[in-house]
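Student: missing the sequence, but the structure's below:
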């Protein structure tokens, strides 16, 4: 079965790679995932059943969503399922009940792509082997195509071996991990309320091929904020004093945000990544938008930075007598993996002939992940959670137009996750 | 002839209004102007013959120019002339030589439109009467369509009455007055070197219908600057210290530019009208562009402000260790109309039954005009120059999406300009 | 009498020059003035009788006032009068009632000095002739010593010629003109409520020796604001996030204040002249003070700038979560001299053999004066007001450590003012 | 001897506490230290012999130094030694040669006080017990009075037991630790070139009474920078454009410095602790000074921040066309204590009956220390170095006006240091 699955993993991944869909628009992807899982005998929950509408952050508007639905229908979506995702609630929870007593174990896979134009260079493998993104300006440049494929691979193994298992297994396919926008809505829909063990995973992130990290504790808490200033236009030559200058408010806010004090408790970050303001050279700018990101070594530090941002935006608006708005379009917390579960994963990987080097736990990267919401929820209920990383050789860094993974990583990843089910059951049954 | 011309003026103006072309792209407009003038017997100089390539400011690039040429050819350009303007040198000087001794008198008309989307409201006359702009996002919202029509009307009168005239008359059709980009290139091509009398004119600008202002001295010297900062991108979470932040440089430059000191010699202005920076929320921005405008009651004050801007941009680049570029994409000076010529125009308007009220001179508005370059050049050579304004009722202010003029103003304007030829000749011949 | 008075004027001026007293501390000066005027037979009103306590701006605190009182008593104050000024209400209104029907005519003289250390250079006349300031760091560097002497000179003439006069004459000796702090309190105490003609005057200001300006309309409306930010100190290394940074609030406020938009109605000014913040290199600064000045061509423009300052200070405080305070410590308006009174002064000066050149009216300088409050009050009641300038050669500009006047100007100035009484009476009596 | 020494320690400490002297002015202190050590038989090196003049940072000028010398002479300095410190080179190295083979062991004690006004509250022990600072505005608020006393106590023990010792012992009394200004000059004078073991120590810093920390690795590298901007004054109303605004340059520099990016390698700090600018409300400020402090978890991070500060200052000067100067008035690096020596100290403290709890190593505080220069120099030469902390109960935090230590800590501290000599010798002799 392994050889056959290896091909399937590659095919799934390459099909998804060619059809990248960004957050809350993973309609084609989700429909295909649903089709496979349904066929394998999983019970499916989809859309608003597994996503709280109120907690979706940075979701595209109705127009963009409708437009993309047409695209998905025209580009190979599974007809039997795509309609479930029409409104952009693209999450899936697939459950396998063994009807034998045992714990509930959940695995999280993210499905979304990025607004990046994939490299057209011939030395870029997807170009050379003809599975480059077919959508201009969108690309799977973080490996979520691989994650989704791994999820389907795990499902395949589980379905095949169902009779050997006990307890319940849930596979969570999450939308909109980029921008840390999607997880919270699934947590708020209670999809992990009954979960005893939760495992999220990522490919790459600097971990070399053949290596495995059982527990990454290095994620920073983060908030993604869209800030808008609205003022009054006026002719800059004729009557500048009648203007209310949104561009100046944004410039002042920018400088003072970056001047937010460091926090003595640990790492913090602030970035105004984008600023767009004004509608003409000779017009007092009446509109400005900013894309802002805060981070903190823990949620408290991130909250501190976020509160300073809020004060600064309010202050800049007062200074220039303009209106303002702050919208949270993404948010994640930090995590502390459960050591017991880390040890289980460590053992699984150690036992694998595909893995040369296994690390128990580390603070890797200074990135953020909203799987942390699932982890927090499970741990609060007394469950165990971990975030593991499958090393792979990267052609270029994450979010780069030449990002590419080594597909040899896919099958070993499936196997380790599959093995983790047995190790967990072994532990539960006191074996 | 007047009744017939009144219709022609309306038709020219409405045709141009429907086909607005922005600066250095007035290919259709210029081809039609050239066709009419050629037919009327004027000698034409066109393109680089009357425009110094080195002094064209803010000219669109070759790609945009080529694209627009195709559009012009497809939308009613005069086939016999449009090729002369293919590269975007859209200026015309039309000369009428009487072969009788006498002065050289020149009139300037500007032809370009604006990047404004014309109102689709039904109460907007061009919409109601079906001559709204046929080009999305472009509009004659400053009256240059009327100016061009008036120029053609004046040409018609002059051609008809050629035998009564002496000396030489030059009609200058200028591109790219918006952004004060086109006049300098025509001055540098010496089109007014031989001119003894120069008259520029504008419609509207707050002067009421039936009023006429013989000499407007209120233009501010101005510079239009495009500022660019180029830094280095970096992941805002992972290694922010490796970035060179162009957005912060632009924000700092913006604030400090607006803080440039007032000048005790007179009025000054500074505006950062647009700021666009950054390529992603979680990326240290490596690119920023700003549209900046300076103004001064005279060229010295404008130069003072411009020099401060240059220091501030250089300083901001030093602060953030980024590269910068400042491009002057428009420039104009102030003017002081020649009183003698103002009196001539005053007399012409006073004698007109269409005009209720005539004003000799005023400082109107706080706008800018690059006709001032022509005026300075003529005055430096010992000639006389004035800038007059034909009052009209405006539906909405200049550069507004609902801007519209009263077409009843067109014929009286033609007549006053035509009359000014006689008054000048009268003065010259000592009559 | 003129020769004798010339010596008196010089002696008064030099005595005052040696004993400069700053705003609301002119105790020695006022006591001497009161002594002279009392002896001449004027009826005196002093202190709070002529000053509204609530409208004294920027008055020194009780401690400094008490300390200076001791100094004044020790340095030649007039014992009979100094106690009236003990609390720093140092204004005097001296009235001469002729008991003959006629108008009430008022003259304003200011008495205060500056916080400037007078030059010790030998080529500085007060040093050479041994009447340099005896107080370190204080100096009559604006000529108010001369103004006070001229006032006493005028009083001397008036007293001598009392029998020839009719109506009532009021001599107003005002404290704290520097910083435009004192006039408003006298206006609010109604000292010009009954005044029909009001004349303020200044020496120098760029008008050459032998020249006279009958009406200066060039004063800018102004506000002097003391801004304070109060935050929370914290160790900059140990726990910077616990600080509330008043220094950063002040820096942000400063930049954004200077970026306040120009006003299309006319001249405006903004200046943060002083900024002091922080108590140690390694401490998050918890305190900052700023000395701010706004000006406008008229009160509306000044008010516009002042309101922007208020918004910016409030905004900066919000940004950094600090408290703030804005205190108005000085204020003046612009003025428009009454043409009729200007003509009277013009005639007086023209008739004087001491004056070579007389100008009727001008917009001189871009300074400010709180005599404008008196002028506005008188004009509102239907009276006439003017502000005239006696030209003199200055050794160095006003407020310079080498400032010095030509004492030859004093007697002619007295004569012109004295003559104005006759011209006004002549006009009133229809002569 | 212990009981007698306990009194001596208290008396020394209280005498020094009453006579606080700030950096490079510890003339009275040093003269007393020299007197005691000389009497105990130590060989003394003083002044420029142990301090490189070129590496003294932030040293007071000659005038202040001379003035303080007079004060010291008048307030109980030791007449036999004070002249050695007249020019402010107040360092001492006291050497005890046993003339028996063995290692060279050095101990560092700092002697300087702070510019803080000691609390006059009665509940403040030094006030109550009448040993409050006798110098207004100066105070031993960091415990260096205790450090100096401990140093003298250690000297006393060593002298008494000299016959039992081998090798060489050097006691280094350092000036100007506050502001991290003095150590570098002693290191550059090679006072630890021959040192095999180096121990610096501090009292308090949050370590509780009865606790001992053998190795503190938590010091941040730091630079103390004095920044000056020099522009041109001008009248803010009359001709603001002629000014070159140093205050605005400083405000812009301040904001942008605080906006320096975080560093992904570890902790960083930036603080503009003081800003003073301008000479009058209505004058364009021509002068500004800033007290700036940078810190980094290691020297590389501090260097990164310092370089950004330099760019920002240069950029702000370019922006406002003013001159600038950056002076480094203090600097320190981080340290990594030698584990072997930490273990020795750990054993010494563990064996002490006075100590309840001993910690081997920690990253304590986010302060800075220039003892790190000594440590680096010793370690580079192959020696061992550690920085230990004697816990004590503090009445208020370091640098607070109510700071006070528990004098019960003094004798145990002396004993541990004394014991460390034995432990080192034991280790050297292979015992």
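Tutor: Perfect, thanks for sending it. Because the structure is predicted, anything quoted here is derived from the model rather than measured. Numbers count the residues shown, from 1 in each chain, chains lettered A, B, ... in the order given.
Student: hang on, residue A:109 in a strand?
Tutor: Yes. Under DSSP: H, G, I helix; E, B strand; the rest coil, residue A:109 sits within a strand.
Student: Could you check how far it is from chain C?
Tutor: According to C-beta to the nearest C-beta, to the nearest Å, residue A:109 stands 37 Å off from chain C. Backbone N, C-alpha and C define where each C-beta goes, glycine included.
Student: now residue A:222
Tutor: 18 Å.
Student: With adjacent residues omitted, what lies nearest to that residue?
Tutor: Spatial nearest neighbour of residue A:222, excluding adjacent residues (C-beta to C-beta, 6 or more residues apart in numbering or on different chains): residue A:368 at 3.9 Å.
Student: what do you get for residue A:97?
Tutor: Closest residue to residue A:97 apart from its sequence neighbours, by C-beta to C-beta, 6+ apart: residue A:168 at 5.3 Å.
Student: in the sheet, who's paired with the one you found?
Tutor: Legend: beta-bridge partners of residue A:168 under DSSP bridges are residue A:97, residue A:104.
Student: quick one, what contacts it?
Tutor: Counting by C-beta atoms under 8 Å, 6 or more residues apart in numbering or on different chains, residue A:168 touches A:95, A:96, A:97, A:98, A:102, A:103, A:104, A:105, A:194.
Student: Redo those residues as a markdown table? Include pLDDT, neighbour count and distance to residue D:417.
Tutor: As requested, the contacts of residue A:168 are exported to a markdown table (pLDDT from 0 to 100; neighbours: other C-beta atoms under 10 Å in any protein chain shown; distance: C-beta to C-beta, whole Å):
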| residue | pLDDT | neighbour count | distance to residue D:417 |
| --- | --- | --- | --- |
| A:95 | 98 | 18 | 68 |
| A:96 | 97 | 20 | 68 |
| A:97 | 95 | 14 | 70 |
| A:98 | 94 | 16 | 68 |
| A:102 | 95 | 18 | 63 |
| A:103 | 97 | 20 | 58 |
| A:104 | 97 | 19 | 61 |
| A:105 | 98 | 25 | 59 |
| A:194 | 97 | 15 | 62 |
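Student: For stretch A:394-408, give me every contacting residue.
Tutor: The contact list for stretch A:394-408 (C-beta under 8 Å, 6+ apart) reads A:9-10, A:13, A:114, A:116-119, A:121, A:124-126, A:139, A:141-143, A:146, A:203-205, A:209, A:392-393, B:235.
Student: Report the buried members of those residues.
Tutor: For those, a burial check counting by 16 or more other C-beta atoms under 10 Å in any protein chain shown picks out A:9-10, A:13, A:114, A:116, A:118-119, A:124-126, A:139, A:141-143, A:146, A:203-205, A:209, A:392, B:235.
Student: Go ahead and confirm residue A:73 touches residue A:82.
Tutor: Yes. At 6.2 Å, residue A:73 and residue A:82 qualify as touching, with contact defined as C-beta atoms under 8 Å.
Student: so the most centrally placed residue in chain A is in which element?
Tutor: Per C-alpha atoms, centre = their mean, the C-alpha nearest to the average position across chain A is that of residue A:177, at 1.8 Å. If you go by DSSP states H and E, residue A:177 is not part of any helix or strand.
Student: Can you identify the helix in chain A that spans the most residues?
Tutor: The longest helix of chain A (DSSP state H) is helix A:299-320.
Student: For that one, buried residues please.
Tutor: A:299, A:301-302, A:304-306, A:308-309, A:311-320.
Student: Could you do stretch A:31-41 as well?
Tutor: A:31, A:32, A:33, A:34, A:35, A:36, A:37, A:40.
Student: and the first one, that's in a helix?
Tutor: Yes. Read with three-state DSSP, residue A:31 is one of the residues of a helix.
Student: So it sits against residue A:75, correct?
Tutor: No. When contacts are counted by C-beta under 8 Å, residue A:31 is not listed as touching residue A:75 (10.7 Å).
Student: And the helices in the stretch 301-431 of chain A, which stretches?
Tutor: A:339-350, A:371-380, A:410-428 (DSSP state H, counting those that start in this stretch).
Student: try the stretch 1-150 of chain A
Tutor: A:2-18, A:27-39, A:62-74, A:125-128, A:144-160.
Student: So for residue A:73 and residue A:82, which sits in the more crowded spot?
Tutor: More neighbours surround residue A:82 than the other of residue A:73 and residue A:82, with 20 against 16 (other C-beta atoms under 10 Å in any protein chain shown).
Student: Report back the residue of chain A that's furthest from centre.
Tutor: By C-alpha atoms, centre = their mean, chain A has its most distant residue from the centre at residue A:238, 49.5 Å.
Student: Surely it forms part of a strand?
Tutor: No. Residue A:238 is assigned coil when assessed by three-state DSSP, not a strand.
Student: Next up, the contacts around the nearest residue to residue A:320 once chain neighbours are set aside.
Tutor: Distance criterion C-beta to C-beta, 6+ apart; nearest residue to residue A:320, sequence neighbours excluded, is residue A:249 at 4.1 Å. The contact partners of residue A:249, taken as C-beta under 8 Å, 6+ apart, are A:229, A:231, A:288, A:316, A:317, A:319, A:320, A:322, A:324.
Student: Listing request: residues of chain A with sub-threshold pLDDT.
Tutor: A:1-2, A:364-366, A:431 (pLDDT under 70).
Student: what residues does it put near chain C?
Tutor: Chain A has residues A:238-241, A:243, A:245, A:248, A:252, A:255-256, A:259, A:261-265, A:284, A:304, A:311-312, A:314-321 near chain C, with proximity defined as C-beta under 8 Å from any C-beta of the partner chain.
Student: about what we covered before: tell me the contacts of the closest residue to the residue nearest to the centre of chain A other than its chain neighbours?
Tutor: Using C-beta to C-beta, 6+ apart and skipping the chain neighbours, the partner closest in space to residue A:177 is residue A:110 (3.7 Å). By C-beta under 8 Å, 6+ apart, the residues touching residue A:110 are A:144, A:147, A:148, A:173, A:174, A:175, A:177, A:182, A:371.
Student: farthest-separated two in the residues you listed?
Tutor: A:148 and A:371 (14.5 Å; C-beta to C-beta).
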